[in-house]
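Novice: Predicted model, plus sequence, below.
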Amino acid sequence: AQKITQTQPGMFVQEKEAVTLDCTYDTSDQSYGLFWYKQPSSGEMIFLIYQGSYDEQNATEGRYSLNFQKARKSANLVISASQLGDSAMYFCAMREANSGNTPLVFGKGTRLSVIA
Amino acid sequence: GAGVSQSPSNKVTEKGKDVELRCDPISGHTALYWYRQSLGQGLEFLIYFQGNSAPDKSGLPSDRFSAERTGGSVSTLTIQRTQQEDSAVYLCASSVSAIAKNIQYFGAGTRLSVL
């Protein structure tokens, strides 16, 4: 069964600094996708970045990058040059490619607070 | 273009009443998902529709929960005889199709409070 673990319930970071949010996953499939979403206080889930299990390079999207270590089953999100607007809940999620049931499985999230 | 639209944004109801939550997916998206997010928790899968196939109902917590999707577009999640433990944010998402790398786009959710 798929499982996502986010061990940091809350994180603080100084504005303009970089921060890493941890995510480990468990799956028996060789083919899967990893996602990060941001959920601000408004409640909407905003897609940030995607990493496929066969992608050789780490995904990047602007200030977001994914530190993908397949052997360790980790997919940490790195946010560079933090901004006050980055304060939100961040969720790591996974979907197995070969699963007939394709909803995302989410971790419990990390609350990031950016300090001025 | 328009994103995923959910209504109402907030719903307060009395225990035992039925409620209907609506989701209007992004135009052209064939896959539609319902999730539930309880306070301080991650998202829990409820039900998933893909095109005209029979829905995957494996995440529904009880037979009080049901959902339908009419014409392959708008979906309605119905909770009958609501209980206090049903209080949560109900999120709907859609994607172009159901393959693994397709991104799911979420609506802003319906916050349900059962008194």
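Specialist: Perfect, thanks for sending it.
Novice: touching chain A at all, whichever strand or helix holds B:Thr78?
Specialist: Assessed by DSSP states H and E, B:Thr78 sits inside strand B:75-79. No - applying C-beta under 8 Å from any C-beta of the partner chain, one finds strand B:75-79 separated from chain A by no less than 14.0 Å. Every residue, glycine included, has its C-beta placed from N, CA and C.
Novice: May I see the buried residues of that strand?
Specialist: For strand B:75-79, the neighbour count (16 or more other C-beta atoms under 10 Å in any protein chain shown) marks B:75, B:77, B:79 as buried.
Novice: Just give me the closest of the residues you listed to B:Ala88.
Specialist: B:Ile79 (10.2 Å; C-beta to C-beta).
Novice: what sits against A:Ala116?
Specialist: Listed by C-beta atoms under 8 Å, 6 or more residues apart in numbering or on different chains, the contact partners of A:Ala116 are A:15, A:84.
Novice: And the pLDDT at it?
Specialist: Note on A:Ala116: pLDDT of 94.
Novice: same question, A:Gly100
Specialist: For A:Gly100, the pLDDT comes out at 51.
Novice: Equivalent analysis for B:Ala98, please.
Specialist: Note for B:Ala98: predicted pLDDT of 65.
Novice: got it, and A:Arg72?
Specialist: At A:Arg72, pLDDT is 95.
Novice: Tell me how far it lies from A:Cys23.
Specialist: In this view, A:Arg72 and A:Cys23 are 11 Å apart by C-beta to C-beta, to the nearest Å.
Novice: Please apply the same query to A:Leu112.
Specialist: Between A:Leu112 and A:Cys23 the computed distance is 13 Å (C-beta to C-beta).
Novice: now B:Asp63
Specialist: Taken as C-beta to C-beta, the span from B:Asp63 to A:Cys23 is 34 Å.
Novice: Tell me where chain B has strands.
Specialist: With DSSP state E as the criterion, chain B has strands at B:5-7, B:10-13, B:19-24, B:31-37, B:43-50, B:65-69, B:75-79, B:88-95, B:105-106, B:110-114.
Novice: And those strands: which comes nearest A:Gly10?
Specialist: Evaluated over the strands of chain B, closeness to A:Gly10 peaks at strand B:31-37, with 17.5 Å, by C-beta to C-beta.
Novice: Who are the packing partners of the closest one?
Specialist: Taking 3 or more C-beta pairs under 8 Å, 6 or more residues apart in numbering or on different chains; DSSP states H and E as contact, the helices and strands that strand B:31-37 lies on are strand B:43-50, strand B:75-79, strand B:88-95.
Novice: Tell me who's in contact with A:Ala88.
Specialist: Listed by C-beta under 8 Å, 6+ apart, the contact partners of A:Ala88 are A:38-41, A:111-112.
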